[in-house]
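Asks: What follows is a predicted structure for the sequence shown.
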Amino acid sequence: MHDALGALSVTPVTHSVPMAKNHRPSRPAGETGKRPSPGMVLDRLSSGESRAARITHTEHLPARAGRHAVWPHRIRTEVISAIQAAGIEHPWAHQAEAAEHALDGESVVIATGTASGKSLAYLAPVLTTLLDGSEAANGRGATALYLAPTKALAADQRRAVRELAAPLGNRIRPAVYDGDTPVEEREWVRQYANYVLTNPDMLHRGILPAHPRWASFLRSLRFVVIDECHTYRGVFGSHVAQVLRRLRRVCARYGANPVFLLASATSAEPALAAGRLTGLPVSEVSDDASPRGELVFALWEPPLTELHGEQGAPVRRTATAETADLLTDLTLQGVRSVAFVRSRRGAELISVIAQERLAEVDRSLARRVAAYRGGYLPEERRALERALHSGELLGLAATTALELGVDVSGLDAVVIAGYPGTRASLWQQAGRAGRSGEGALAILVARDDPLDTFLVHHPEALFQQPVESTVLDPDNPYVLAPHLCAAAAELPLTDADLALFGPAVTDLLPQLEAAGLLRKRSTGWYWTRRERAADLTDIRGGGGSPVQIVEAGTGRLLGTVDEAASHTAVHEGAVHLHQGRTYLVKSLDLKDSVALVEQASPPYSTTARDTTSISVLETDTEIPWGAGRLCYGSVEVTNQVVSFLRRRLITGEVLGETKLDLPPRTLRTRAVWWTVTEDQLDAARINPEILGGALHAAEHASIGMLPLFATCDRWDIGGVSVPLHPDTLLPTVFVYDGHPGGAGFAERAFHTARAWLTATREAIAVCECEAGCPSCIQSPKCGNGNDPLHKRGAVRLLTELLREAPEEPQEAPETAPETQ
């Protein structure tokens with residue numbers, strides 16, 4: 001019997017033994033043999049002098065024994081029997097503790113490691129309550145709502161719930177309700193399902209605006225499950241926080257007051273983050289009592305090549321090429337593996353390279369590797385999920401669409417192509433391996449950028465630091481305003497509702513009235529327009545209609561891309577990858593939101609470049625750093641994609657640059673900036689000839705290092721450096737949030753500035769290059785061609801700035817709203 005492990009399914013798992021790469025089998029050898037140890041797998045991957053030198057550090061996390069408990073006496077015996085029938089004899093202590101909170105009517109967040117059985121911790125009380133409700137004499141009975149950040153996770157959870165609840169008969173009726181649900185099924189879900197699985201987008205656009213049709217479901221709503229809640233950060237998290245407040249308000253209208261059950265990866269202050277997300281007091285269960293197999297975690301730095309990049313900088317082998325090699329070798333060893341990749345294009349490219357190399361050994365092996373990413377059509381996603389579960393696929397190159405909790409039990413290894421931006425995501429991805437309690441291998445392959453290079457040479461920053469807090473700001477006026485309109489369209493807003501939405505409401509309502517969006521009457525504020533208020537915002541923060549990617553010759557829809565990303569992803573001349581096929585974008589029609597593509601086989605990839613200018617609108621806070629100043633406030637950013645680079649596949653060598661003619665965009669957001677004076681420049685020996693390059697280099701490196709201190713991605717933030725800025729009248733470096741109204745990242749940078757800029761200085765200083773490279777001061781998205789840059793000047797400038805910085809770092813204020 002299995003105990004309460006993370007996976008709910010009990011699909012048999014085949015294991016494998018390693019094999020020589022030169023062998024030419026019809027399938028990987030040893031799929032029914034003994035499973036190799038993670039150390040043995042790593043030894044085989046790193047055999048040879050050049051490969052061994054790429055491992056900068058190996059961390060061994062020992063196995064951990066589990067601690068059992070008993071289920072609370074209020075969990076129904078039928079539910080316990082069903083859990084035992086699934087092979088889970090006893091719960092872990094944290095599962096029982098979380099279930100107790102839920103049954104007591106207390107909202108709770110379960111923040112434990114990957115594969116620790118969080119799903120079972122909330123399902124036991126949910127199923128018990130649904131069974132109790134099914135025996136009610138009148139009415140529909142109790143209901144529960146499950147929210148997942150991705151469709152894939154919701155579909156996986158429905159499968160797991162169906163299997164677990166099968167002995168309970170039709171008293172448990174789980175159903176997915178999302179954009180893929182056929183129209184003819186939706187009415188059944190509304191009327192009869194008692195466990196509805198959806199996502200925040202569908203709740204925002206489909207369920208809440210049509211709440212009268214969901215009246216019987218909402219009236220009986222007892223639990224709201226929020227899975228993978230640590231992913232709700234930044235602008236997306238702020239939107240979801242307001243959607244949940246709207247849900248609570250509509251539920252109250254029907255007399256319901258549901259308990260919120262949240263599941264999170266290990267994170268700092270999970271109860272605080274969960275309270276900020278829901279607006280409710282939330283209890284915390286974070287003592288992980290589940291067992292864990294040995295984890296071998298290797299940090300891997302690709303080697304330098306003979307090639308030279310911009311300004312003659314040395315170029316490392318790309319993380320994409322290195323990861324494709326590792327995925328190929330793992331597949332040949334018969335090791336079930338997932339490679340996590342940051343971009344859709346990267347996932348496709350790694351899959352294609354691995355398939356080609358496997359086909360050189362045996363054509364049938366190419367079918368054992370595939371790509372999995374967002375943007376696929378529903379039927380494509382479902383087919384890949386089935387192939388992964390069945391074991392038909394041995395290797396997968398996946399974006400975070402698969403990271404979020406999908407049950408892929410039986411994996412032996414995870415390869416992470418580039419630091420995913422937060423330690424929480426890193427451990428979430430690494431935890432996909434060894435989900436059956438066995439030993440596992442994780443490899444972080446460094447990209448050629450400042451943060452990745454810093455981390456593989458400073459393993460203590462990964463293995464000896466706590467995971468980050470989740471950053472979100474529900475009071476962001478750009479987020480809150482459209483949700484107030486949506487709430488008013490659902491039910492007129494009254495004075496009694498205002499506290500629910502936070503203190504910023506008071507200032508926003510008059511602005512919405514003046515704009516003609518809301519009308520004040522004696523009974524409250526009313527939505528005045530004929531169009532749907534829910535369409536005012538895209539909660540993923542993209543804004544605008546998604547751009548459809550259409551094959552020019554056939555008219556076939558290949559997928560979509562967010563409008564916000566269209567200028568960089570599907571501009572004319574861009575290379576687009578879909579299901580292993582390569583396309584070139586022939587045209588981008590921004591008016592009709594269509595990109596026309598044609599199949600092609602160019603020997604290069606493309607990277608867009610942009611230029612940016614910035615103006616200060618308001619300075620909220622500033623503190624002296626010697627004669628200079630550190631500031632935080634509101635700015636307006638004007639950005640324009642001006643060109644794209646063509647880079648040779650595998651090597652990353654720049655083949656050329658092509659100009660683009662796309663319109664500029666403006667963004668009002670939040671920024672942190674610092675200034676230096678003439679005296680500080682003199683002390684740092686920075687003359688006018690190198691000033692621009694020193695500032696520019698410090699800006700690039702600081703952007704690259706910020707994800708270590710704020711839960712952001714390098715691509716969530718931007719920067720500008722100016723030798724003489726018209727608003728500050730001094731040399732100034734800006735780092736800003738790349739979202740309207742801000743996302744909390746720049747604020748976090750302001751409050752951790754000393755530690756952040758100290759790490760930035762160290763990352764530049766210790767890099768082995770002579771004059772700057774992608775590992776320290778060059779940026780992949782620089783619109784100025786990484787010119788000018790001055791590495792030594794940046795080190796001297798930051799040294800002087802930090803010499804007079806306040807001794808103690810400024811602590812971030814408590815930003816969580818009062819529980820509402």
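Replies: Everything's here; your move.
Asks: Compute the distance between the nearest residue to residue 767 once chain neighbours are set aside and residue 572, please.
Replies: Taking CB to CB, 6 or more residues apart in numbering, and ignoring the residues beside it in sequence, residue 767 has residue 776 as its nearest neighbour in space, at 3.8 Å. From N, CA and C alone the C-beta is placed, and that goes for glycine too. Residue 776 sits 33 Å away from residue 572, taking CB to CB, to the nearest Å as the criterion.
Asks: Neighbour count for those two, which is higher?
Replies: Legend: neighbour count by other CB atoms under 10 Å for residue 776 and residue 572, higher for residue 776 (29 against 16).
Asks: Residue 769 is in contact with the more buried one, correct?
Replies: Yes - Residue 776 is within contact range of residue 769, at 6.5 Å (criterion: CB atoms under 8 Å).
Asks: list residues touching both of those two?
Replies: Overlap of the contact sets of residue 776 and residue 769 (by CB atoms under 8 Å, 6 or more residues apart in numbering) consists of residue 791.
Asks: tell me the SS of residue 276?
Replies: When classified by DSSP: H, G, I helix; E, B strand; the rest coil, residue 276 comes out as helix.
Asks: That one - how many residues pack around it?
Replies: If you count neighbours by other CB under 10 Å, residue 276 ends up with 25.
Asks: Ok, the one 3 residues further on next?
Replies: Residues within reach of residue 279, counting by other CB under 10 Å, total 23.
Asks: Just want to check the distance between residue 273 and residue 286.
Replies: Distance, residue 273 to residue 286, by CB to CB: 12 Å.
Asks: who has more neighbours, those two?
Replies: Using other CB under 10 Å, the more surrounded residue of residue 273 and residue 286 is residue 273, with 29 against 17.
Asks: That one against residue 229, yeah?
Replies: Yes - counting by CB under 8 Å, residue 229 is a contact partner of residue 273 at 7.5 Å.
Asks: hey, what's in contact with both of the two?
Replies: 109, 264, 470.
Asks: Please, where are all the helices along the stretch 51-200 of the chain?
Replies: For the stretch 51-200 of the chain, the helices defined by DSSP state H, counting those that start in this stretch cover 77-85, 93-103, 118-134, 151-165, 183-192, 200-202.
Asks: Apologies, that question was intended for the stretch 501-650 of the chain.
Replies: Ranges of helices in the stretch 501-650 of the chain, per DSSP H, counting those that start in this stretch, are 505-514, 563-569.
Asks: buried stuff in the first one?
Replies: Taking 16 or more other CB atoms under 10 Å as the basis for neighbour counts, the residues of helix 505-514 that come out buried are 505, 508, 509, 512.
Asks: Quick check: of those residues, which lies closest to residue 525?
Replies: Each of the buried residues of helix 505-514 was checked against residue 525 using CB to CB; the closest is residue 509, at 6.3 Å.
Asks: my read: the closest one touches residue 481, true?
Replies: No - using CB under 8 Å, residue 509 is not in contact with residue 481, being 9.4 Å away.
Asks: so where's the stretch 301-450 of the chain uncertain?
Replies: 374-375, 377-378, 401-410, 435-437 (pLDDT under 70).
Asks: Buried residues in stretch 759-767, which are they?
Replies: For stretch 759-767, by 16+ other CB under 10 Å, it's 759, 760, 761, 762, 763, 764, 767.
Asks: Give me the distance from that stretch to the chain's centre.
Replies: 26 Å (CA atoms, centre = their mean, to the nearest Å).
Asks: residues in contact with it?
Replies: By CB under 8 Å, 6+ apart, the list of residues contacting stretch 759-767 from outside reads 450-451, 453-454, 457, 697-698, 701-702, 704-705, 708-709, 773, 775-777, 791, 794-795, 798-799, 802.
Asks: Out of those residues, which end up buried?
Replies: Here, 16+ other CB under 10 Å leaves 450-451, 453-454, 457, 697-698, 701-702, 704-705, 708-709, 773, 775-777, 791, 794-795, 798, 802 buried among those.
Asks: Would you mind saying which of the helices of the stretch 501-650 of the chain lies nearest residue 434?
Replies: helix 563-569 (33.8 Å).
Asks: Using CSV, list the CA coordinates for the closest one.
Replies: Output of helix 563-569 as CSV, limited to C-alpha atoms (Å, rounded to 0.1, in the frame of the first residue of the first chain):
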residue,chain,number,x,y,z
GLU,A,563,-1.8,41.4,-27.5
ALA,A,564,0.8,42.8,-25.2
ALA,A,565,3.4,40.2,-26.4
SER,A,566,2.5,40.5,-30.1
HIS,A,567,5.0,43.2,-30.9
THR,A,568,7.9,41.1,-29.7
ALA,A,569,6.6,37.6,-30.5
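Asks: Okay, buried residues for that helix please.
Replies: Going by neighbour count (16+ other CB under 10 Å), the buried part of helix 563-569 is 563, 564, 566, 567, 568, 569.
Asks: go on, stretch 174-189?
Replies: The neighbour-count check on stretch 174-189 (16+ other CB under 10 Å) flags 174, 175, 176, 177, 178, 181, 189 as buried.
Asks: repeat for stretch 148-168
Replies: Neighbour-count burial for stretch 148-168 flags 148-161, 163-165, 168 (criterion: 16+ other CB under 10 Å).
Asks: now do stretch 458-476
Replies: Within stretch 458-476, the residues scored as buried using 16+ other CB under 10 Å are 458-459, 462, 467-476.
Asks: At which residues are the strands of the stretch 651-800 of the chain located?
Replies: For the stretch 651-800 of the chain, strands defined by DSSP state E, counting those that start in this stretch occupy the ranges 654-659, 665-675, 717-722, 732-737.
Asks: Figure out which of the ones you listed is closest to residue 584.
Replies: Closest of the strands of the stretch 651-800 of the chain to residue 584 is strand 654-659, at 12.1 Å (criterion: CB to CB).
Asks: Note down every partner strand of the closest one and its orientation.
Replies: strand 628-648 (antiparallel) (DSSP bridges).
Asks: Now do the partner strand against strand 732-737: the angle between them, please.
Replies: 70 degrees (axes from the mean of the first three to the mean of the last three CA atoms, to 10 degrees).
Asks: Verify the stated contact: residue 505 with residue 480.
Replies: Yes - counting by CB under 8 Å, residue 505 does reach residue 480; the two are 7.1 Å apart.
Asks: In space, what's closest to the most centrally placed residue in the chain - neighbours in sequence excluded?
Replies: By CA atoms, centre = their mean, the chain has its centre lying nearest to residue 231, at 5.8 Å. Spatial nearest neighbour of residue 231, chain neighbours left out: residue 149 (4.8 Å); criterion: CB to CB, 6+ apart.
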